[in-house]
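Q: Need coordinates for the below:
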Amino acid sequence: MDHKLRKSSKDKSLHGVCGGIAEFFGISSLAIRLIFIFLPANVFIYIILANTMAESERTLY
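A: Residues are numbered from 1 along each chain as shown. Below you'll find the predicted structure:
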């Protein structure tokens, strides 16, 4: 199984972090965004993930 955590290229508000996490777990990106809103230290976690998560593979469609 080659299912890796990557930034989303389709569901991208800022950097695609929440969209990538949502695609990995198979849930709504809105739920992930709400978790980041209510999570303490959310800015630091998001910045770390935005800089360390791999980019998604680009497709033509």
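
Q: center of the protein, which residue is that?
A: The centroid of the chain falls nearest to residue 17 when counting by C-alpha atoms, centre = their mean (2.3 Å).

Q: ok, the residue nearest to residue 5 when sequence neighbours are not counted to residue 50 distance?
A: Leaving out its chain neighbours, the residue that sits closest to residue 5 by C-beta to C-beta, 6 or more residues apart in numbering is residue 24, at 4.9 Å. Every C-beta, even on glycine, is put in place using the N, C-alpha and C of the backbone. Separation of residue 24 from residue 50 (C-beta to C-beta, to the nearest Å): 15 Å.

Q: Pairing partners for residue 54 in the sheet, please.
A: For residue 54, the beta-bridge partners under DSSP bridges are residue 6.

Q: mind checking how far it is from residue 34?
A: Distance from residue 54 to residue 34, by C-beta to C-beta: 24 Å.

Q: Over to residue 18?
A: Shown here: residue 18 relative to residue 34, a distance of 10 Å by C-beta to C-beta.

Q: Which one of these two is surrounded by more residues?
A: Between residue 18 and residue 34, counted using other C-beta atoms under 10 Å, the more crowded position is residue 18 (25 against 12).

Q: Look up which helix or strand the more buried one falls in, please.
A: Assessed by DSSP states H and E, residue 18 sits inside helix 17-25.

Q: how about that helix: buried residues?
A: Under the neighbour-count criterion of 16 or more other C-beta atoms under 10 Å, helix 17-25 has 17-23 buried.
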